[in-house]
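Peer 1: structure for this input, please:
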Amino acid sequence: MDLHAHLCGDGAGGAVQRAAVAEQHDVGDGAPGQQAEPKRARIPERIEQRRPRTQFIEPLPRPGQMVAFFCVQAPFTGGEDGIQGVPRGALFGLISLKSDMAMYAAVAAVFLVCFLLIHRIVHSPFGQVLKAIRENEPRATSLGYRTDDYKLIAFVLSTFIAGIAGGTKALVFGIATLTDVNYAMSGEVVLMNLLGGMGTIFGPVIGAGIIQWTENALSGAGSWVTVTQGVIFVACVLAFRRGIIGEIAAKLRITL
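Peer 2: Sure thing, here's the model as predicted:
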């Protein structure tokens, strides 16, 4: 999970580099935040494939913290201040993103494309195999599916989308901070999924909206934001383990 946080930060850094080059040459960025680098994920991908699910999380926090420490010390990241003054440039070199409304429309379009992509993948034959692997991997293997290859592709797709998220965030706020490289970002993503409903399409979207709303509403409370998120996590685990959308879908007996 730390890898996804690092790729989110990598996407932000990549967007910064592309924006800087476009600003110097007066050329647009192309689609915001497409600087995801799944090749960096090769070693953790192999770890994920060969280790049981419960053990996959164990080796990642250590190198993850090493990467975070390197980013703090590296001069090109700006240290704790981050990379500031990120230019927005122009989409495909044609549509200026300097206007807030234009930037909002571009981010909404990127989100919609990613959401539809995920929806299509989940409901495709490939997605059905992933569901089978999630439910019973030995049985999927016995049916002739190369489960390691399927997990590898799913991992690469998830890191690609994480990179897009980091890139668009850097363009929207005009700054690439080290917050996205920290392990806390991985925990926040997990909380979004648990709150909205794991195994659902709309659940993570609702969970992300709630978490971001609480962070903005309690922005002046300091460390109480983390405490509030912890309370939400405990309540989610104890009261509705399927998440908000998961519980609604179970009550209505539909798939969301």
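
Peer 1: strands along the stretch 1-150 of the chain, start to end?
Peer 2: Using DSSP state E, counting those that start in this stretch, the strands assigned to the stretch 1-150 of the chain run over residues 83-84, 90-91, 95-96.

Peer 1: K131 is nearest to which of those?
Peer 2: Nearest of the strands of the stretch 1-150 of the chain to K131, taken as Cβ to Cβ: strand 90-91 at 35.4 Å. Just so you know, the C-beta spots here come from the backbone N, C-alpha and C atoms, and that holds for glycine as well.

Peer 1: the closest one: partners in the sheet, and parallel or antiparallel?
Peer 2: strand 95-96 (antiparallel) (DSSP bridges).

Peer 1: need the contact partners of the strand it pairs with.
Peer 2: With Cβ atoms under 8 Å, 6 or more residues apart in numbering as the test, strand 95-96 has contacts from 28, 88, 90, 102, 106.

Peer 1: highest mean neighbour count out of the strands of the stretch 1-150 of the chain?
Peer 2: Per residue and on average, the most neighbours among the strands of the stretch 1-150 of the chain fall to strand 90-91, with a mean of 20 (mean count of other Cβ atoms under 10 Å).

Peer 1: so where's this structure shaky on pLDDT?
Peer 2: 1-64 (pLDDT under 70).

Peer 1: quick check: domain ranges of it?
Peer 2: Domain assignment of the chain by automatic domain parsing yields the ranges 2-180, 182-256.

Peer 1: how long is the shortest one from one end to the other?
Peer 2: Domain 182-256 stretches 31 Å from its first residue to its last (Cα to Cα, to the nearest Å).

Peer 1: use 39 as the first number from now on
Peer 2: Sure thing, new numbering starts at 39, so read that last one as domain 220-294.

Peer 1: on that earlier part again, of the strands of the stretch 39-188 of the chain, which is nearest C152?
Peer 2: Of all the strands of the stretch 39-188 of the chain, strand 128-129 sits nearest to C152, with 15.9 Å by Cβ to Cβ.

Peer 1: this completes my enquiry, with thanks.
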